[in-house]
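**Student:** next one to model:
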Amino acid sequence: MAAAFVHTQKSVAIFAVLAEISRGIAPVLAAKLLFPEIPTWQLVGLIFLVAGRYFIAQGGGVTNVSWGITS
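**Tutor:** So this is what the prediction gives:
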């Protein structure tokens, strides 16, 4: 995410960082809302997030998972 601050305007970079944060937190919150008694689904959501990021864009999704774990 540091590259966003180097290559774009500050406001665009901040938006990019917030978008990455929301992509990591969204699967965890969805799992908490849909399956509040089963915390395993939160981890499964993060696994699917990383798998999707890898197969679609060849990215790792490490930033997303970091924010997902902290939520």
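**Student:** where does the most centrally placed residue in the chain land on pLDDT?
**Tutor:** By C-alpha atoms, centre = their mean, the chain has its centre lying nearest to residue 24, at 2.0 Å. Model confidence at residue 24, given as pLDDT, is 80.
**Student:** helices or strands next to the helix or strand where it lies in the packing?
**Tutor:** If you go by DSSP states H and E, residue 24 is part of helix 10-34. Counting contacts by 3 or more C-beta pairs under 8 Å, 6 or more residues apart in numbering; DSSP states H and E, helix 10-34 is packed against helix 2-7, helix 40-57, helix 62-70. Using the backbone N, CA and C atoms, a C-beta is placed for each residue, glycine as well.
**Student:** now do the last one, average pLDDT.
**Tutor:** When you say that, I think you mean helix 62-70. Mean predicted lDDT for helix 62-70 stands at 65.
**Student:** pLDDT below threshold where in this protein?
**Tutor:** Across the chain, the ranges flagged by pLDDT under 70 are 1-5, 59-71.
**Student:** repeat that with 90
**Tutor:** The model of the chain has pLDDT under 90 over residues 1-29, 36-39, 42-71.
**Student:** just to revisit the earlier point, how far away is the residue nearest to the centre of the chain from residue 18?
**Tutor:** Relative to residue 18, residue 24 is positioned 11 Å away (C-beta to C-beta, to the nearest Å).
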